[in-house]
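S.K.: everything below, folded, please.
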Amino acid sequence: MFNQSEKKLKTWATIQGMFFSVVAIVLGAVIYSAAAATDNNAVGLLLGVIVAVVVWFLSMLSVWTLYSFADLVEYTKANNEILASMDSTLGQIADCLSTGENNENAE
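M.R.: Numbering: from 1, shown residues only. As a prediction, this is how the structure comes out:
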């Protein structure tokens, strides 16, 4: 369930972004058509566009935040792997240096 969580989060963010983009367009069209039924085409168009843009922008804030968090998780995992390999390498170097110091002290 928690394997490759960053890929699942990125996929969910992409799906959410597409879904809310469609919702914003449909909502704008519904507002425009409701205003057109009352012979307020200009007001309906303006209101529909404003509502669609606001809904889209607010939903994209959530998507961008979720996607950025997934990137953060991905890069944190990569950094942890690099640090783990550095830790073992540094341990080997320390062992070699301490062995070399012991050999020099013996002479």
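
S.K.: tell me how many other residues crowd Ala42.
M.R.: Neighbourhood size, Ala42 [other CB atoms under 10 Å]: 9. To be clear about C-beta, it is placed using only N, CA and C from the backbone, and glycine gets the same treatment.

S.K.: numbering from 146 from now on, please.
M.R.: Let's use 146 as the start, then, which means that last one is Ala187.

S.K.: give me the pLDDT for it.
M.R.: What the model reports as pLDDT for Ala187 is 83.

S.K.: packing partners for whatever helix or strand it lives in?
M.R.: If you go by DSSP states H and E, Ala187 is part of helix 186-251. Here helix 186-251 touches helix 150-182, going by 3 or more CB pairs under 8 Å, 6 or more residues apart in numbering; DSSP states H and E.

S.K.: run the angle between the helix holding Ala187 and helix 150-182 for me.
M.R.: Per axes from the mean of the first three to the mean of the last three CA atoms, to 10 degrees, the angle that helix 186-251 makes with helix 150-182 is 170 degrees.

S.K.: state the distance from Ala187 to Gly193.
M.R.: In this view, Ala187 and Gly193 are 11 Å apart by CB to CB, to the nearest Å.

S.K.: I misspoke; the intended subject was Leu217.
M.R.: Taken as CB to CB, the span from Leu217 to Gly193 is 36 Å.

S.K.: more neighbours, these two?
M.R.: Neighbour count, other CB under 10 Å: between Leu217 and Gly193, Gly193 has more, with 21 against 12.

S.K.: tell me, please, the helix or strand in this structure that averages the lowest pLDDT.
M.R.: helix 186-251 (a mean of 83; mean pLDDT, DSSP states H and E).
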